[in-house]
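Participant: pasted the sequence and its predicted model underneath.
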Amino acid sequence: MRIDRCLCVGVTFEALKKQADAASCSTVEELRCVAEFGTGCGLCRPYVREMLRTGETVFDRIITEVEDA
């Protein structure tokens, strides 16, 4: 399984990483001020949080809010 984007908006985590780097965002909340993602189901939020923490933009595992907390 390859998880690499917000399904609701279709933006890739790679694109979000570039926006986060350009705006010096370190939290999901900061990134949501400059990028559109996570506005529907919200399933991408734990992946975006992990992306911001590790720099990883493609995931092969399921990440949930509970695991992410």
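Facilitator: Good, I have the coordinates.
Participant: in contact with the residue nearest the centre of the chain, which residues are there?
Facilitator: Residue closest to the mean C-alpha point of the chain, counted by Cα atoms, centre = their mean, is V48 at 1.9 Å. Taking Cβ atoms under 8 Å, 6 or more residues apart in numbering as the criterion, V48 is in contact with C6, F13, L16, V28, L31, F37, G38. The way it works is simple: take the backbone N, C-alpha and C, and place the C-beta from them, glycine included.
Participant: which phi and psi does the last one have?
Facilitator: This points to G38. phi 70, psi 20 (degrees, to the nearest 10).
Participant: helices of this protein, start to end?
Facilitator: 13-23, 28-32, 45-54, 65-68 (DSSP state H).
Participant: just the angle between the first one and helix 45-54, please?
Facilitator: In other words, helix 13-23. 50 degrees (axes from the mean of the first three to the mean of the last three Cα atoms, to 10 degrees).
Participant: could you give the number of residues near the closest residue to A23 other than its chain neighbours?
Facilitator: Excluding its sequence neighbours, the residue lying closest to A23 (Cβ to Cβ, 6 or more residues apart in numbering) is V34, at 4.6 Å. The local packing of V34 (other Cβ atoms under 10 Å) involves 13 other residues.
Participant: give me the neighbour count for the closest residue in space to S26 that isn't next to it in sequence.
Facilitator: Leaving aside its chain neighbours, S26 sits nearest to L52 (6.1 Å; criterion: Cβ to Cβ, 6+ apart). Applying other Cβ under 10 Å, we find 20 residues neighbouring L52.
Participant: for the one 3 residues further on, same thing?
Facilitator: Using other Cβ under 10 Å as the criterion, G55 is surrounded by 10 other residues.
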